[in-house]
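> With the sequence up front, the predicted model follows.
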Amino acid sequence: MKNIRNFCIIAHIDHGKSTLADRLLDFTGSVTEREKKEQLLDTMDLERERGITIKSHAVQMDYTYQGEEYVLNLIDTPGHVDFSYEVSRSIAACEGALLVVDAAQSIQAQTISNLYLALENDLEIIPVLNKVDLPSASPEEVTDDIVDLLGCRPEEVIPASAKTGIGIEEILSAIIEQVPAPKGNLDEPLQALIFDSVYNSFRGVETYFRVINGEIKKGQKIKFVATDKSYFADEVGTLKLTQHPKQSIKAGDVGYLITGIKDAREVKVGDTITDSANPTQNAIAGFEDVKPMVFAGIYPVDTEDFEELRSSMEKLQLNDASLVFTPESSAALGFGFRCGFLGMLHMEIIQERLEREFDMTVITTVPKAIMRLPGRIPKNHWS
């Protein structure tokens, strides 16, 4: 466990975190020449088309440092404020974070927002000044801004260029030296945190987890604490660019679990996985409770597709836990769902994912924001 490092990358949108993730994968030899491409961890067409990260992606890298083998678990995070829930989930599974700041744009609002989230979770922060090779870069001024924000020394800020590969070796050295090794006890009952999940139409729900204590073995009977349901671990393994099955995943490590669950509602992000025969007495605290800011109705074009839309929404919610929805009906549009989103971009992405991934043609009503005017309207009356 002393040679495991779990870290994430936090930054404002378009400050180069996906490119930095690509260079880290290159430098550690985690990707072959044949597999190389830009935005390697951005697997959705939407992410590539828009040049943004929508989903957090976990990947494991092996790196030799001063003659010792280290396992680095990177969780790449989105930069846009509408996907801040994804960031909170990644932070919950890590001990350290790379704070990436664009040398040409300096510190932006989302950088500070994600930084505070990381500091609340006691993560070790490694400041990285990216894009120092740009003609418009102001490295000295932006370094001063980072020093004022973090209270660190100027020499602790690592100058880098994710595009050209400058500073990548220094970043890896800083991760190994500064990010603390995970704490955990192999002898305690299994206690693992679910930080993400995805629906696979052939294998059912694939659950991504971080083991806090104990170990999870292939074939073991495990229990989800929130739903109080038990399953057999048909397959466990680590998340490299592809899934690598293993016999067990031990405390401190990150991996995936396949149990053959077909109902998306049975897996809850933030839930605790434990051993069915010897369960843990302490469920792991969940993530930041994110409240929807924008509300809109989503209806199927054909009213007969209502149940199919419900199924698609549940599978999408499994992959994006910040989406909330409740059934509603309209005299004009029939049966549909009242959905809550974190912002306009989030709403747009959800609509496009429903159409692309689930082949659902939907009608979206005009979005609204709900607010209460303090002191003027009774507390139970919303407008």
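All right, it came through fine.

> Might you list the low-confidence residue ranges for the stretch 51-200 of the chain?
Counting by pLDDT under 70, the stretch 51-200 of the chain has low-confidence residues at 51-56, 78-84.

> ok, which stretches of it are helices?
For the stretch 51-200 of the chain, the helices defined by DSSP state H, counting those that start in this stretch occupy 84-92, 109-120, 139-150, 168-178.

> Kindly spell out which helices and strands sit in contact with the shortest one.
Under the contact definition 3 or more C-beta pairs under 8 Å, 6 or more residues apart in numbering; DSSP states H and E, helix 84-92 sits against strand 4-11, helix 109-120, strand 191-200. Yep, even glycine has a C-beta here, placed from its N, CA and C like the rest.

> nearest to Gly334, of those?
Closest to Gly334 of those is strand 191-200 (C-beta to C-beta; 26.0 Å).

> just checking, what packs against that closest one?
Judged by 3+ C-beta pairs under 8 Å, 6+ apart, the packing partners of strand 191-200 are helix 84-92, strand 204-213, strand 272-275, helix 306-319.

> That one pairs with which strands, and in what direction?
Strand 191-200 pairs in its sheet with strand 204-213 (antiparallel), strand 272-275 (antiparallel), by DSSP bridges.

> Columns mean pLDDT on top of these, output as JSON lines?
Formatted as JSON lines, the strands paired with strand 191-200 follow (pLDDT from 0 to 100):
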{"stretch": "strand 204-213", "mean pLDDT": "89"}
{"stretch": "strand 272-275", "mean pLDDT": "90"}
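
> Make TSV from those and add distance to Gly340 to it.
Compiled in TSV, these are given as follows (distance: least, C-beta to C-beta, whole Å):
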stretch	distance to Gly340
strand 204-213	23
strand 272-275	25
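
> For Gln110, which of these is the nearest?
Nearest of the strands paired with strand 191-200 to Gln110, taken as C-beta to C-beta: strand 204-213 at 23.7 Å.

> Not counting its own residues, what contacts the helix or strand that the closest one is followed by?
Later in the chain than strand 204-213, the nearest helix or strand by DSSP states H and E is strand 215-217. If you take C-beta atoms under 8 Å, 6 or more residues apart in numbering as the criterion, strand 215-217 is touched by 186, 190, 192, 209, 222, 233, 236, 247-251, 255, 257, 273.

> how about the strands paired with strand 191-200 in TSV, adding mean neighbour count and distance to Ile363?
TSV is the format used below for the strands paired with strand 191-200 (neighbours: other C-beta atoms under 10 Å; distance: least, C-beta to C-beta, whole Å):
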stretch	mean neighbour count	distance to Ile363
strand 204-213	23	29
strand 272-275	24	39
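
> Highest mean neighbour count out of the helices of the stretch 51-200 of the chain?
Ranked by mean neighbour count, the helices of the stretch 51-200 of the chain are led by helix 84-92 with a mean of 25 (mean count of other C-beta atoms under 10 Å).

> So Phe295: helix, strand or coil?
strand (DSSP: H, G, I helix; E, B strand; the rest coil).

> which residues does it form a beta bridge with?
Applying DSSP bridges to Phe295 gives these bridge partners: Gly340, Lys368.

> can you put the helices and strands packed on strand 191-200 in JSON lines and add distance to Leu333?
Putting those into JSON lines (distance: least, C-beta to C-beta, whole Å) gives the following:
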{"stretch": "helix 84-92", "distance to Leu333": "28"}
{"stretch": "strand 204-213", "distance to Leu333": "31"}
{"stretch": "strand 272-275", "distance to Leu333": "40"}
{"stretch": "helix 306-319", "distance to Leu333": "11"}
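
> Let me see the ranges of the helices in the stretch 251-383 of the chain.
Remark: helices assigned in the stretch 251-383 of the chain by DSSP H, counting those that start in this stretch are 306-319, 344-357.
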